[in-house]
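1. sequence first, then the predicted structure, then my questions.
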Amino acid sequence: MAHYKLILAYEGTEYHGFQRQKNNNSVQAEFEAALRELGWSGRAVMPAGRTDSGVHARGQVISFSLDWKHGTETLVTALNAHLPADIAVQAAEEVPLAFHPRYDALSRTYRYQLYAQIARNPLVDRFSWRLNVMPDLEKMNRAAEQLLGEHDFRAFGKALKEDATTVRKIFGAEWQGDGQQAAFTICGNAFLYHMVRRIVFVLVQVGLGNLPEEIVSRGLESGETGIVSLAPARGLTLLEVAYPENGMK
């Protein structure tokens, strides 16, 4: 019996998030069904995090134990043969049994995409938030700089467990783009529930001139912004989860 770490990519449009749910389809349920086809009898795989309904991933990390004697390349091929077209294993490796994809992670990196166009574009709309006009990226970046460092982010999200800390550390937060498309990349040690999507919504409102740039620092200091809206889930992708350089990259 070996312990495996897998990189999983998926288009989240048709799923109610990663986590298995009783009455809704999920990425976890689809993956575990494929894993059972290979003889897995575990209770649940362990993910690096739970993506929301409609959110995508390029670098979700999961781990599980499996009695498999055909090598990791064959494991990837076998799993992908049983997975639907919108979920695919990208890589696999054996890791120590103690490896935990959530607790061992050093950072997570997300990307949020948007585009400006009066009419929606079906070729990009499943992965981007459509706006009628492009917001001011310079204003958004000045506001985003206020996120850097360690802060209490309770104004932008909530902990998954009651009484858990809402303090997080952000290593990088930047918008890049042109007059038609833009992408926001944010990297932190961890994120609260809905944190990235609420941050994006607030920054976009800053860029559109509907909120002052100081709204971010005000929220970090006071614990509230008065904003409860979220950017649409379809624009968000989990890009990467980073680990210590001990063979578990």
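-> Everything's here; your move.

2. what's the longest helix along the chain packed up against?
-> If you go by DSSP state H, the chain has its longest helix at helix 195-207. With contacts taken as 3 or more C-beta pairs under 8 Å, 6 or more residues apart in numbering; DSSP states H and E, helix 195-207 sits against strand 107-116, strand 129-131, helix 137-145, strand 167-177, strand 181-188, helix 215-222, strand 236-242. For every residue, glycine as well, the C-beta is placed using N, CA and C.

3. could you redo the last one with a cut-off of 6 Å?
-> When contacts are defined as 3 or more C-beta pairs under 6 Å, 6 or more residues apart in numbering; DSSP states H and E, helix 195-207 packs onto helix 137-145.

4. find the helix or strand that A88 is a member of.
-> strand 87-94 (DSSP states H and E).

5. who's in contact with that strand?
-> If you take C-beta atoms under 6 Å, 6 or more residues apart in numbering as the criterion, strand 87-94 is touched by 2, 4-10, 30, 72, 75-76, 79-80.

6. any of those residues buried? List them.
-> Buried members of those, counted by 16 or more other C-beta atoms under 10 Å: 4-10, 30, 72, 75-76, 79.

7. of all these, which two lie farthest apart?
-> In those, the most distant members under the criterion C-beta to C-beta are E30 and T72, with 20.5 Å between them.

8. for the buried ones among the contacts of strand 87-94, which one is nearest E138?
-> A9 (32.4 Å).

9. now the farthest one out in this protein, which residue is it?
-> Distance from the C-alpha centroid of the chain, by C-alpha atoms, centre = their mean, peaks at K69 (31.9 Å).

10. what residue ranges in this protein score low on pLDDT?
-> Filtered on pLDDT under 70, the chain yields the residue ranges 246-249.

11. rerun that using 80 as the cut-off
-> Across the chain, the ranges flagged by pLDDT under 80 are 245-249.

12. so it: which segments form each domain?
-> The chain breaks down into these domains under automatic domain parsing: 2-103, 107-241.

13. just to revisit the earlier point, dihedrals phi and psi, the residue farthest from the centre of the chain?
-> Backbone torsions of K69, given as degrees, to the nearest 10, read phi -120, psi 20.

14. these two touch, right, L79 and A34?
-> Yes. Between L79 and A34 there is a contact under C-beta atoms under 6 Å: 5.3 Å.

15. contacts only, for E37.
-> Per C-beta under 6 Å, 6+ apart, neighbours of E37: H82.

16. against L75, how distant is it?
-> 12 Å (C-beta to C-beta, to the nearest Å).

17. same question for W129.
-> Taking C-beta to C-beta, one finds W129 at 36 Å from L75.

18. and S65, by the same measure?
-> 12 Å.

19. try I199
-> 37 Å.

20. one more: A173?
-> The value you get for A173 to L75, if C-beta to C-beta is used, is 36 Å.

21. what is the neighbour count of H100?
-> 12 (other C-beta atoms under 10 Å).
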